[in-house]
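In: have a look at this prediction, sequence included:
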Amino acid sequence: MLDLKSLLSGSDIRGNAIAHDGNEVELTDEIIYWITKAFAYWLSAKTKSKMAIAVGHDSRVSAERIETQVIKALKESGCIVLRCGLCSTPSMFMMTQHEKVQAHGAIMITASHHPYYKNGLKFFDAQGGLEKEDIIAILDLARTQSGLKGRGKVIEDDYLQYYCESLIEKFRKATGETYPLKNLKIVVDAGNGAGGFFVDRVLKPLGADTSGSQYLEPDGMFPNHIPNPEDPEAMRHISKCVLDNKADFGIIFDTDVDRAACVASDGQEINRNRLIALISAILLEEQPGATIVTDSVTSDALTDFIVNRQGNHHRFKRGYKNVINEAKELNRVGVYAPLAIETSGHAAFLENYFLDDGAYLVIRILIKLCQLKKQNKTLLSLIEDLKEPAETFEVRLGFRPICKNWKKSAQEIMARLEKVFAQKIGFGLAQSYEGVRINFADGWMLIRQSVHDPILPINIESDRQGGVFFAVKKLYSVLKKRKELDLNPLKTYILEQKLAQKNKRI
């Protein structure tokens with residue numbers, strides 16, 4: 001059997017579910033079966049009772065095959081299987097909370113925005129998504145091919161509707177209206193993932209005109225664009241949709257709807273730092289003094305924005321589970337942190353079980369949109385003072401095959417960067433929970449080590465034109481002797497900028 005720990009991705013299981021480009025299937029029927037059996041065994045130690053486990057999936061082409069093995073394993077473990085069908089990841093966790101369901105656990109078959117040939121499993125118990133240590137324990141159990149024995153059964157119902165009704169109820173309670181979205185045109189881009197339900201099951205019952213919404217039909221080949229709110233091409237699609245349809249608001253989801261981004265009526269994208277600023281402004285209006293927990297690549301301008309609204313900005317490591325767990329810990333020690341949010345679009349609220357839920361995030365924003373409309377104001381008015389960088393730069397430097405231990409090499413590079421830039425005139429080190437964050441006169445850069453892949457992601461922002469070029473040149477001068485690192489992306493950028501400057505002079 002495959003080394004099962006190679007399937008571990010943060011706190012999820014992910015791997016090739018379809019043979020692709022010479023790579024064999026990793027999530028075989030056997031592996032799916034035994035991992036699911038192991039989850040049932042692991043969960044039984046916590047519940048001490050006959051278990052009901054919800055099972056759902058997104059639109060991936062391998063979903064049906066994997067679902068068959070998951071259900072088989074659960075039935076042969078004596079579980080009651082609540083078959084949810086096509087649904088969102090957040091709705092699966094809510095099956096453990098909804099009073100009409102009260103499942104002991106849930107399994108979501110998804111690989112988020114990854115290519116069509118990938119798939120995976122996300123596990124929940126009634127406390128939330130499982131931690132990395134829990135998944136490792138489950139994989140250890142799966143390796144022994146042991147588990148519960150019994151004869152379970154499958155119950156099918158429209159379980160997604162329970163989740164949708166809870167979103168509608170929250171909206172109506174917050175606005176005091178049955179049809180609060182009446183006279184508003186809202187378009188949705190589901191990217192052919194699982195999020196198409198949001199149109200017919202949430203927005204229309206609230207009165208919205210959703211004509212012009214696109215890519216709502218589930219298609220696991222994702223023929224139109226990657227369902228990813230971080231992807232520039234995906235954002236161009238929803239921005240064009242808003243403008244073409246003269247919509248008041250646009251929404252885009254990732255494949256399994258645990259992430260989202262928005263577009264204003266003028267086509268302006270509201271994602272990454274702008275999305276964090278918008279929801280922070282909404283929360284800080286309600287709860288001044290709150291701490292907003294974000295990942296490490298947020299801008300200094302966002303910090304200023306939050307502080308100017310009597311809030312606190314707490315940067316932490318990348319990874320949605322990292323920011324969520326940090327927010328939980330802050331609350332545990334007495335620091336009020338109602339939001340954990342990544343630039344990727346993962347947003348989790350204290351008021352909503354710290355569940356990263358793209359649909360819930362959108363509901364929160366739409367409630368504010370309705371309130372502002374009555375005051376003849378727009379959502380963009382909430383973030384009009386967010387300072388935008390003049391330039392941004394993001395690149396991933398890979399390690400060459402000659403590098404035998406990329407993690408050790410990455411640590412050496414980080415130590416070197418800290419030493420050099422702590423002494424280099426015009427630069428300074430800033431606090432960072434991961435990697436090395438370096439400030440310079442007009443901006444900052446963050447160099448960090450990927451958790452799973454042999455790469456160094458780099459983010460740079462500058463408040464002036466030419467500031468990124470200045471930072472990249474300095475960074476390259478420090479790294480250029482590291483032969484195990486592929487520096488071509490930096491060299492190419494430097495050459496392109498030099499050529500552009502030369503052409504300007506001609």
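Out: Structure's in. What do you need? Nothing here was measured: the structure is a model prediction, and the numbers come from that model.

In: wait, residue 137 touches residue 39, no?
Out: No. If you go by Cβ atoms under 8 Å, residue 137 and residue 39 don't touch, sitting 10.0 Å apart. All C-beta atoms are positioned from the backbone trio N, CA, C, and that covers glycine.

In: which one's more surrounded, the two?
Out: residue 39 (31 against 15; other Cβ atoms under 10 Å).

In: name all residues that make contact with the more buried one.
Out: Residue 39 makes contact with 105, 107, 123, 138, according to Cβ atoms under 8 Å, 6 or more residues apart in numbering.

In: got it, and residue 427?
Out: 421, 438-440, 474.

In: same deal with residue 371?
Out: residue 175 are the contacts of residue 371 under Cβ under 8 Å, 6+ apart.

In: and whichever strand or helix holds it, which residues are buried?
Out: Per DSSP states H and E: residue 371 is located in helix 358-374. By neighbour count on 16 or more other Cβ atoms under 10 Å, the buried set for helix 358-374 is 358-370, 372-373.

In: then stretch 126-140?
Out: With the criterion 16+ other Cβ under 10 Å, stretch 126-140 contains buried residues 126, 128-130, 134-135, 138-139.

In: stretch 482-500 now?
Out: 482, 484-487, 490, 493, 497.

In: also stretch 40-58?
Out: Quick answer for stretch 40-58 (16+ other Cβ under 10 Å): 40-44, 51-58.

In: and what of stretch 137-156?
Out: So for stretch 137-156, counting by 16+ other Cβ under 10 Å, buried means 138-139, 141-142, 147-148, 152.

In: can you check the pLDDT for residue 1?
Out: Looking at residue 1, its pLDDT is 56.

In: ok, back up a step: what's the most distant pair in the buried residues of stretch 482-500?
Out: The span of those, defined through Cβ to Cβ, is set by 484 and 497 at 25.3 Å.

In: sorry, back to before: tell me the one among the buried residues of stretch 482-500 nearest to residue 229.
Out: Looking across these and measuring by Cβ to Cβ, the closest to residue 229 is residue 493, at 25.2 Å.

In: got the CA coordinates for the strand or helix carrying that closest one in PDB?
Out: Following DSSP H and E, one finds residue 493 within helix 488-505. C-alpha atoms of helix 488-505 as PDB (Å, rounded to 0.1, in the frame of the first residue of the first chain):
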ATOM      1  CA  ASN A 488      15.300  32.300 -12.900                       C
ATOM      2  CA  PRO A 489      12.000  34.000 -12.000                       C
ATOM      3  CA  LEU A 490      14.000  36.700 -10.200                       C
ATOM      4  CA  LYS A 491      16.500  37.000 -13.000                       C
ATOM      5  CA  THR A 492      13.700  37.200 -15.600                       C
ATOM      6  CA  TYR A 493      11.900  40.000 -13.600                       C
ATOM      7  CA  ILE A 494      15.100  42.000 -13.300                       C
ATOM      8  CA  LEU A 495      15.900  41.700 -17.000                       C
ATOM      9  CA  GLU A 496      12.400  42.700 -18.000                       C
ATOM     10  CA  GLN A 497      12.500  45.800 -15.700                       C
ATOM     11  CA  LYS A 498      15.900  46.800 -17.100                       C
ATOM     12  CA  LEU A 499      14.600  46.500 -20.600                       C
ATOM     13  CA  ALA A 500      11.500  48.500 -19.800                       C
ATOM     14  CA  GLN A 501      13.600  51.300 -18.300                       C
ATOM     15  CA  LYS A 502      15.800  51.300 -21.400                       C
ATOM     16  CA  ASN A 503      12.800  51.500 -23.700                       C
ATOM     17  CA  LYS A 504      11.500  54.500 -21.700                       C
ATOM     18  CA  ARG A 505      14.800  56.400 -22.300                       C
END
